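A.B. asks: Below are the sequence and a predicted model; questions follow.
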Amino acid sequence: MAAPARPVKHVLVACADGAAGGCIARGLGEGFRVDVAESRESCLQRFRARRYDITFIDLVCLGVVDSKAEEIDYARELQPFWSAYPSAGIVILARENAIRHAVRAVKAGASGYLTFPIHPDELRHTVESMDELAQTEAELEYLRSQFWKAESLDLVRTQSPLMQDVVRQMELVAPTRTTVLLTGETGTGKGVLARIIHQHSNRADHQFVSVHCGAIPDTLLESELFGHEKGAFTGATQRRLGRFEIASGGTIFLDEVETLSPSAQIKLLQVLQERQLQRVGGESPIDVDVRVIAATNTDLGPLRDQGVFRRDLFFRLNVFPIHVPALRERIEDVPLLVDIFIRRFNRLCDKTVRGVSPDVMAALSSYAWPGNVREMENLFERAFILETSPVLTGSSFPAELTGTRGQGGSSASVTDTTLTLAEMQEAAVEDATRRYLRAQLTVNGGRVDRTAAAAGIGPRHLHKLMKSLGLRKEDFKGPRGTGPQQQ
């Protein structure tokens, strides 16, 4: 019986020298299909159209002509490839006099580099090394997936080094009974992470009780947390178990722990130190076995130093601190979050939205996100209600996000009945093009070459469009996310 045929691997080569593609194809031999592109733009177009196992990119296509070429931000140049396929393997092709540029590209994330003339043995060694690395990463991913339960995989999948560190810390601390303190801005998802830690602990079969300390009046807080005896105060007509007793054997999540009253802080300290509590109006201590995960959106250090937050309680809570970064610090995760929210709201709203328009994605990636992930979730819920097409467009998002307010052009919600249908369609296309190019120019700081590459067109075509639409690159130069200057 004949052995099954090995699957064909697809390779993409971007090189101004057309002979390089043929050289690589001959060097790799059977089992490889090699496609060739002559520029970074055409390479990116092909790359987005299908998934390639390996992509070779000549430094010339990235703007390096010789050893004296200007310094290039290789992470930014290669980011569009990783945005399309985060695990893409990219090998840099370089002349002997530009090796330092190739090394910088590898430090920015490329898998390796080869020098011209390309030697078949070096080529095969590079490909084999990448295969081994891919196999290792696949095995590690399998092992991680065995730890993280299926419902958590989306939430721990991240392209951000900061969030990857958070996930590693969660993976280490989850199986223990150690007290965890989650810090970070409001809306970063601390409550979701606390629940994931519980779900991957040996307490997963017991209660997870969440308490928003800041939402409970001080007069009721102790009773809510620790329970009360009958007659402990006016209205206490019967004994009531507190949240700690309810959570016994499981996990209690204390959000906004900095808002606890001084007396509640003392009782919480008793639970952490002695594993005992006392109900309001009670006389006998009660044993409790509960893991505490606390969260705060403020720095407890100054509150501790001012005496507002007990020093001994601070150290009891701060055993294993995990800082959750703001969304603006992990902006590379925006496409992943978009995918999560689209799938979630497709189920909840019974819709079949396929994605977001390019101008919306550009706006989402350049927005400062003061409300973090929670704000993004709310915006997508609103957009799903408003949107009638299979793609979420700028008209379904607030003007502050998409930058459509006060920028000229027609509004999609206004119909000029003095125009013919053809004229109205032309105006709508012009307005959409203007808004899209403004967003791309904003993201790319007015750089025409980068904007053209992101838009999938040539720089000359972009120049013509900008001139016809009255857009000037000078108006978009500035820090990322600050937006264009007002004209």
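C.D. replies: Looks like it arrived, so ask away.
A.B. asks: Contact partners for the residue nearest the centre of the chain?
C.D. replies: Per C-alpha atoms, centre = their mean, the C-alpha nearest to the average position across the chain is that of residue 333, at 1.5 Å. Residues counted as contacts of residue 333 (C-beta atoms under 8 Å, 6 or more residues apart in numbering) are 158, 159, 160, 163, 327. The way it works is simple: take the backbone N, C-alpha and C, and place the C-beta from them, glycine included.
A.B. asks: Distance of it relative to residue 215?
C.D. replies: Distance of residue 333 to residue 215, given as C-beta to C-beta, to the nearest Å: 28 Å.
A.B. asks: Test for you: state the pLDDT assigned to the residue nearest to residue 107 when sequence neighbours are not counted.
C.D. replies: Distance criterion C-beta to C-beta, 6 or more residues apart in numbering; nearest residue to residue 107, sequence neighbours excluded, is residue 74 at 7.9 Å. At residue 74, the predicted lDDT confidence score is 83.
A.B. asks: could you list every residue that touches residue 74?
C.D. replies: 62, 104, 105, 107, 108, 109, 110.
A.B. asks: Sort out which of those residues are buried, if you could.
C.D. replies: 62, 104, 105, 108, 110 (16 or more other C-beta atoms under 10 Å).
A.B. asks: Now find how far off-centre stretch 340-353 is within its chain.
C.D. replies: Distance, stretch centre to chain centre, for stretch 340-353: 18 Å (C-alpha atoms, centre = their mean, to the nearest Å).
A.B. asks: any idea where the helices of the stretch 101-250 of the chain begin and end?
C.D. replies: 120-147, 153-156, 161-173, 190-199, 218-226, 243-246 (DSSP state H, counting those that start in this stretch).
A.B. asks: got CSV for these, with distance to residue 24 too?
C.D. replies: Compiled in CSV, those are given as follows (distance: least, C-beta to C-beta, whole Å):
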stretch, distance to residue 24
helix 120-147, 6
helix 153-156, 36
helix 161-173, 32
helix 190-199, 44
helix 218-226, 66
helix 243-246, 64
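A.B. asks: how close does the residue nearest to residue 107 get to residue 82?
C.D. replies: Counting by C-beta to C-beta - residue 74 and residue 82 are separated by 12 Å.
A.B. asks: Could you name every residue contacting both of the two?
C.D. replies: Residues touching both residue 74 and residue 82 by C-beta under 8 Å, 6+ apart: residue 109.
A.B. asks: pLDDT below threshold where in this structure?
C.D. replies: 1-7, 64-70, 136-154, 403-419, 422-425, 477-487 (pLDDT under 70).
A.B. asks: what ranges do the strands span in it?
C.D. replies: All strands of the chain, identified by DSSP state E, fall at 9-14, 32-37, 54-58, 90-94, 112-115, 180-183, 208-212, 251-255, 276-277, 286-287, 291-296, 320-323, 355-356, 391-392.
A.B. asks: And the third one, what does it pack against?
C.D. replies: What it means is strand 54-58. In terms of contacts (3 or more C-beta pairs under 8 Å, 6 or more residues apart in numbering; DSSP states H and E), strand 54-58 is packed against strand 9-14, helix 19-28, helix 40-49, strand 90-94.
A.B. asks: Could the C-alpha coordinates of the last one be exported in PDB?
C.D. replies: The C-alpha coordinates for strand 90-94 follow below in PDB (Å, rounded to 0.1, in the frame of the first residue of the first chain):
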ATOM      1  CA  ILE A  90       8.600  35.400   8.100                       C
ATOM      2  CA  VAL A  91      12.200  35.000   6.900                       C
ATOM      3  CA  ILE A  92      14.200  38.100   5.800                       C
ATOM      4  CA  LEU A  93      16.300  38.100   2.600                       C
ATOM      5  CA  ALA A  94      19.300  40.400   2.700                       C
END
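A.B. asks: what's it packed up against?
C.D. replies: Where contact means 3+ C-beta pairs under 8 Å, 6+ apart, strand 90-94 is packed against strand 54-58, helix 99-107, strand 112-115.
A.B. asks: ok and the first one relative to helix 40-49, angle-wise?
C.D. replies: I take that to be strand 54-58. Angle of strand 54-58 versus helix 40-49, following axes from the mean of the first three to the mean of the last three C-alpha atoms, to 10 degrees, is 170 degrees.
A.B. asks: Run through who's touching strand 54-58.
C.D. replies: 9, 11-17, 20, 24, 40, 43, 47, 78, 81, 88-94, 114, 127, 130.
A.B. asks: Repeat the analysis, applying 6 Å as the threshold.
C.D. replies: Here strand 54-58 makes contact (C-beta atoms under 6 Å, 6 or more residues apart in numbering) with 11, 12, 13, 14, 15, 89, 90, 91, 93.
A.B. asks: nearest to residue 197, of these?
C.D. replies: Nearest to residue 197, judged by C-beta to C-beta, of these is residue 89 at 33.2 Å.
A.B. asks: Kindly provide the distance from that closest one to residue 295.
C.D. replies: Applying C-beta to C-beta, the value for residue 89 to residue 295 is 39 Å.
A.B. asks: likewise residue 247?
C.D. replies: Residue 247 sits 15 Å away from residue 295, going by C-beta to C-beta.
A.B. asks: cool, residue 382 as well?
C.D. replies: 26 Å.
A.B. asks: of those two, who's got more company?
C.D. replies: residue 295 (27 against 13; other C-beta atoms under 10 Å).
A.B. asks: Quick check: the more buried one touching residue 253?
C.D. replies: No - with contact defined as C-beta atoms under 6 Å, residue 295 does not reach residue 253; the gap is 7.1 Å.
A.B. asks: quick one, domains of the chain?
C.D. replies: Using automatic domain parsing, the domain parsing of the chain gives 9-143, 154-325, 331-476.
A.B. asks: The shortest one: how far from the chain's middle?
C.D. replies: Read that as domain 9-143. 25 Å.
A.B. asks: now do the last one
C.D. replies: The gap between the average C-alpha position of domain 331-476 and the chain average comes to 19 Å, counting by C-alpha atoms, centre = their mean.
A.B. asks: Can you give me the end-to-end span of that domain?
C.D. replies: 20 Å (C-alpha to C-alpha, to the nearest Å).
A.B. asks: likewise stretch 278-289?
C.D. replies: Using C-alpha to C-alpha, the two ends of stretch 278-289 sit 14 Å apart.
A.B. asks: ok, now how distant is residue 41 from residue 14?
C.D. replies: Taking C-beta to C-beta, one finds residue 41 at 9 Å from residue 14.
A.B. asks: okay, the two: which has more neighbours?
C.D. replies: Per other C-beta under 10 Å, whichever of residue 41 and residue 14 has more neighbours is residue 14, with 27 against 20.
A.B. asks: for that one, what are its contacts?
C.D. replies: Here residue 14 is in contact with 37, 43, 57, 61 (C-beta under 6 Å, 6+ apart).
A.B. asks: and what of residue 319?
C.D. replies: Counted by C-beta under 6 Å, 6+ apart, residue 319 has contacts 178, 179.
A.B. asks: and it, how far is that from residue 173?
C.D. replies: 9 Å.
A.B. asks: What sits closest to residue 44 if chain neighbours are left out?
C.D. replies: Nearest to residue 44 is residue 80, by C-beta to C-beta, 6+ apart, at 5.8 Å.
A.B. asks: And for residue 123, the neighbour number?
C.D. replies: Neighbour count for residue 123, taken as other C-beta under 10 Å: 18.
A.B. asks: Return the set of residues that bridge with residue 91.
C.D. replies: residue 56, residue 112 (DSSP bridges).
A.B. asks: what number of residues lie near it?
C.D. replies: Neighbours of residue 91 (other C-beta under 10 Å): 23.
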